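**Student:** sharing a model prediction with you, sequence too.
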Amino acid sequence: MILEVCTDTLASSTIAERAGADRIELCADLCVGGTTPSAGLIKQVKEQVAIPIAVMIRPRAGDFCYSDAELQTMKADILFAKECGAESVVFGVLTPEGHIDKTSMAELIELSRPMEVACHRAFDMTKDAYHSLETLIELGVDRLLTGGFANKAPEGIQTIKSLVEHSNGKIAIMPGSGINVENLPHFIEVTGATEYHLSGKHAIESLMIYRKEGISMGAASNNEYLIEQADYCKIHEIAALLKDS
């Protein structure tokens, strides 16, 4: 059983490693589902974390239909991740019609090797789960992160089970979104998946003493003085559960 923890800071990455994670999915902007982390963060995490790192390659938030310029950015980011020694990269490209973009994905995959390649939840935004799965297998993708064509994985658990069966070991199916210590045993029993993805985070208080009112750096609902960070206890409990399964 493999536990992948998505993180967006060096602090969260080191906490996840100490808590028993097997792999880090390194991102920026987890609040929008993750985008490509900065060059500095990739280098820092590779230098200070020993477990494998999967670098998110996503040039912006929003949909997964990219312009030629955005694809060039993704290619440059893949090469940088490879140069830094990342073990894996994570990306997904869709056509306007809601299918896996085979041409763009093939180019990115070829550029990525010998790193492993994972497709993220762009898969869940496609028109047909099984057609998309077959396309990813044909392309040689190593791992698929999915919520089972649902907003949260617990809602898509039966689809995840079917994807695991349909994949027949040709691609690793990794449930993610809404996985926690309470529902993980049920996922293991029902789906047969052997890799799991989660953030396992909690909010910590900012170190700021002076706190200015009335100005927000993002959405008005954001609290500038609460910082989300990996939770050692949550991740350790889940890692132990997976180890015993």
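**Tutor:** Yep, that arrived. Please read these numbers as outputs of a predicted model, since none were measured by experiment.
**Student:** ok, which stretches of this protein are strands?
**Tutor:** In chain order, the chain shows strands spanning 2-7, 23-26, 53-56, 88-90, 116-119, 143-146, 172-175, 195-198, 201-205, 226-230, with DSSP state E as the criterion.
**Student:** same list (those strands) but as JSON lines, adding mean neighbour count and distance to residue 16.
**Tutor:** Glycine gets a C-beta too; all of them are placed from N, C-alpha and C. Conversion of these to JSON lines gives the following (neighbours: other Cβ atoms under 10 Å; distance: least, Cβ to Cβ, whole Å):
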{"stretch": "strand 2-7", "mean neighbour count": "25", "distance to residue 16": "4"}
{"stretch": "strand 23-26", "mean neighbour count": "28", "distance to residue 16": "6"}
{"stretch": "strand 53-56", "mean neighbour count": "26", "distance to residue 16": "11"}
{"stretch": "strand 88-90", "mean neighbour count": "25", "distance to residue 16": "15"}
{"stretch": "strand 116-119", "mean neighbour count": "24", "distance to residue 16": "17"}
{"stretch": "strand 143-146", "mean neighbour count": "25", "distance to residue 16": "16"}
{"stretch": "strand 172-175", "mean neighbour count": "24", "distance to residue 16": "16"}
{"stretch": "strand 195-198", "mean neighbour count": "24", "distance to residue 16": "10"}
{"stretch": "strand 201-205", "mean neighbour count": "14", "distance to residue 16": "10"}
{"stretch": "strand 226-230", "mean neighbour count": "18", "distance to residue 16": "5"}
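**Student:** for residue 182, which of those strands is the nearest?
**Tutor:** The closest approach between residue 182 and any of the strands of the chain, judged by Cβ to Cβ, belongs to strand 195-198 at 12.0 Å.
**Student:** can you put the strands of the chain in a markdown table and add distance to residue 125 and mean pLDDT?
**Tutor:** Shown next, in a markdown table, are the strands of the chain (distance: least, Cβ to Cβ, whole Å; pLDDT from 0 to 100):
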| stretch | distance to residue 125 | mean pLDDT |
| --- | --- | --- |
| strand 2-7 | 18 | 98 |
| strand 23-26 | 18 | 98 |
| strand 53-56 | 16 | 98 |
| strand 88-90 | 15 | 98 |
| strand 116-119 | 11 | 98 |
| strand 143-146 | 11 | 98 |
| strand 172-175 | 16 | 98 |
| strand 195-198 | 17 | 98 |
| strand 201-205 | 23 | 94 |
| strand 226-230 | 24 | 93 |
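**Student:** columns distance to residue 109 on top of these, output as a markdown table?
**Tutor:** Formatted as a markdown table, the strands of the chain follow (distance: least, Cβ to Cβ, whole Å):
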| stretch | distance to residue 109 |
| --- | --- |
| strand 2-7 | 19 |
| strand 23-26 | 17 |
| strand 53-56 | 14 |
| strand 88-90 | 9 |
| strand 116-119 | 5 |
| strand 143-146 | 12 |
| strand 172-175 | 15 |
| strand 195-198 | 19 |
| strand 201-205 | 30 |
| strand 226-230 | 29 |
